[in-house]
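K.L.:
fold the following.
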Amino acid sequence: MKLSTKGRYAVMAMVDIAAHTEGKPIALADVAERQEISLSYLEQLFGKLRRGGLVKSVRGPGGGYLLARGVANTRIADIILSVDESIKTTRCTPGSPTGCTSNKSRCLTHDLWEELGNHIFLYLNSVSLADVIDDRVLGSSGVQHRLGEDANLAAAQQA
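P.N.:
Residues are numbered from 1 along each chain as shown. Now for the predicted structure:
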C-alpha cells in the first residue's frame, strides 16, 4: 500500500492544526507555510475534512479551522478516509465476492494482502492526533532518528 500525498498531507495539516490551535481558529495559509504544502491543495482537502466532520470552519477576521472532535477523539484513519484515500492493499474491489484475476478468482496471496490492509487500518484507527503530538507513536524509527540527533549534538559540542 502506498499512501498518496492526499492522505499524508491531510494528516500533516491536521497534526499542525492540533499542535497550534490553542482554542483559536488556524488559517490554512499558516498551515501551508509551516508544512510546505500548496494552499490551494489544502483548501481542497479541508473541504473534504469539513464534510467528514473532522474540522469546523470559522469565517471572517481571525477565521480559519478548528478541530471538530478534539485531539484525543480524532483518529488518523478517519482523516485518511475523509479525504477519499483508500486503505487497501489488494487489487480487488473491497467487499467484492469476485477476485481481480482474469477468471474473476482471487489470487493466491489475496488473504495475505487483505489482512495486511486490515492491520494497517486497525493501527491507524488506534492512533489519535493526541498520540502523534505527544510522541506516543515512536517505534524503532523514532529511536534511530533520536540517536542520530544525539550523535550530531555530541559531535557539535566536541568541536
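
K.L.:
so what pLDDT did the closest residue to residue 116 other than its chain neighbours get?
P.N.:
Among residues not flanking residue 116 along the chain, residue 89 sits closest, at 4.8 Å (CB to CB, 6 or more residues apart in numbering). Heads up, the C-betas are built off the backbone N, CA and C, glycines and all. Per-residue pLDDT puts residue 89 at 73.

K.L.:
what's the answer for residue 116, then?
P.N.:
Listed pLDDT for residue 116 reads 88.

K.L.:
that one reaches residue 109, doesn't it?
P.N.:
No: Residue 116 is beyond contact range of residue 109, at 9.8 Å (criterion: CB atoms under 8 Å).

K.L.:
so which of these two has more stuff around it?
P.N.:
The residue with more neighbours, out of residue 116 and residue 109, is residue 116; 15 against 10, by other CB atoms under 10 Å.

K.L.:
so that one: helix, strand or coil?
P.N.:
Under the three-state scheme (DSSP: H, G, I helix; E, B strand; the rest coil), residue 116 adopts helix.

K.L.:
likewise residue 77?
P.N.:
Applying three-state DSSP: residue 77 is helix.

K.L.:
wait, it touches residue 124, no?
P.N.:
Yes: under the criterion of CB under 8 Å, residue 77 makes contact with residue 124 at 3.9 Å.

K.L.:
quick check: neighbours shared by the two?
P.N.:
residue 87 (CB atoms under 8 Å, 6 or more residues apart in numbering).

K.L.:
follow-up on the earlier one: can you count the residues close to the residue nearest to residue 116?
P.N.:
By other CB under 10 Å, 17 other residues sit near residue 89.

K.L.:
with residue 120 instead?
P.N.:
A total of 17 residues lie near residue 120 under the criterion other CB under 10 Å.

K.L.:
ok, now residue 158?
P.N.:
Counted by other CB under 10 Å, the residues lying close to residue 158 total 6.

K.L.:
check residue 106 too.
P.N.:
For residue 106, the tally of surrounding residues (other CB under 10 Å) stands at 18.

K.L.:
how about the one 4 residues further on?
P.N.:
Neighbouring residues of residue 110 were enumerated by other CB under 10 Å; the total is 16.

K.L.:
who touches it in this structure?
P.N.:
By CB under 8 Å, 6+ apart, the contact list for residue 110 reads 90, 92, 99.
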